[in-house]
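[1] sequence plus predicted model, see below.
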Amino acid sequence: PFIKAPSNLEGYVGDVGFDPLGFSDYFDMKWLREAEIKHGRSSMLATVGFVAQQYLTLPGYEHVDDSNLAPTVVGASAMLQIVMWMGVLEFWTNKGNVTMETMFSDPDRVPGDLGFDPMGLAVGKSQEEKDAMALKEIKNGRLAMLAIGGMIHHNWVTGDALF
């Protein structure tokens, strides 16, 4: 009520008029939305992995109750492989345009749309239905970003496993 709603957010799915630091005034809104979607997708996967790690163990690896310690079991090489392949994937999906200045040089590129729909979930859907699913993804991603932060910090503060 006391902060002016930012005009750059209008027209984007999930706009609730909240940008207290004014990032949308200084950065490309498409780039900000792309970052939000990518971080949300990563966080949704991370929350599932964080919980699953407590109950499942890959063959050949030692089980640890604290999910924060799981990367120490597989070692640095496995973790660096993940980072490297995510970089390759980022480069490949953006056709080499990975900087904030060049990522959206194609005006038709939609943030978060990788053109990957092997099950055909978007086929035959109206724009309203697609926007409703995009809103669900953004809201679940926002929740997952908070959730994974809470789970990690729970383990750090208490020194115990999540469950």
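    Alright, I've got the coordinates.
[2] which other residues reach stretch 49-61?
    In this structure, residues lying in contact with stretch 49-61 by C-beta atoms under 8 Å, 6 or more residues apart in numbering are 63-65, 67, 70, 73-74, 148, 151-152, 161-163. Every C-beta, even on glycine, is put in place using the N, C-alpha and C of the backbone.
[3] which of those residues are buried?
    Val64, Ser67, Ala70, Ile148, Met151, Leu162 (16 or more other C-beta atoms under 10 Å).
[4] pipe the residues you listed into a markdown table and attach secondary structure and pLDDT per row.
    Shown next, in a markdown table, are the buried ones among the contacts of stretch 49-61 (DSSP: H, G, I helix; E, B strand; the rest coil; pLDDT from 0 to 100):
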| residue | secondary structure | pLDDT |
| --- | --- | --- |
| Val64 | coil | 90 |
| Ser67 | helix | 91 |
| Ala70 | helix | 88 |
| Ile148 | helix | 97 |
| Met151 | helix | 97 |
| Leu162 | coil | 88 |
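[5] show me which pair in the residues you listed is furthest apart.
    Within the buried ones among the contacts of stretch 49-61, Val64 and Ile148 form the most distant pair, 17.6 Å apart (C-beta to C-beta).
[6] re the thing from before, of the contacts of stretch 49-61, which is the nearest to Pro111?
    Of these, the one sitting nearest to Pro111 (C-beta to C-beta) turns out to be Ile148, at 21.3 Å.
[7] tell me the contacts of that closest one?
    Ile148 neighbours (C-beta under 8 Å, 6+ apart): Ser43, Ala46, Thr47, Phe50.
[8] same question for Phe91.
    By C-beta under 8 Å, 6+ apart, the contact set of Phe91 is Val98.
[9] helix or strand: which one has it?
    helix 76-93 (DSSP states H and E).
[10] circling back to that earlier point, from the contacts of Ile148, which ones fall inside helices?
    If you go by DSSP state H, these have Ser43, Ala46, Thr47, Phe50 in helices.
[11] name the nearest of these relative to Met79.
    Ranked by distance to Met79 (C-beta to C-beta), the ones in helices among the contacts of Ile148 are led by Ala46 at 13.4 Å.
[12] could you check how far that closest one is from Gly75?
    Ala46 sits 19 Å away from Gly75, taking C-beta to C-beta, to the nearest Å as the criterion.
[13] low-confidence bits of the protein, can you list those?
    Counting by pLDDT under 70, the chain contains low-confidence ranges at 1.
[14] just the strands in it please.
    Here the chain has no strands by DSSP state E.
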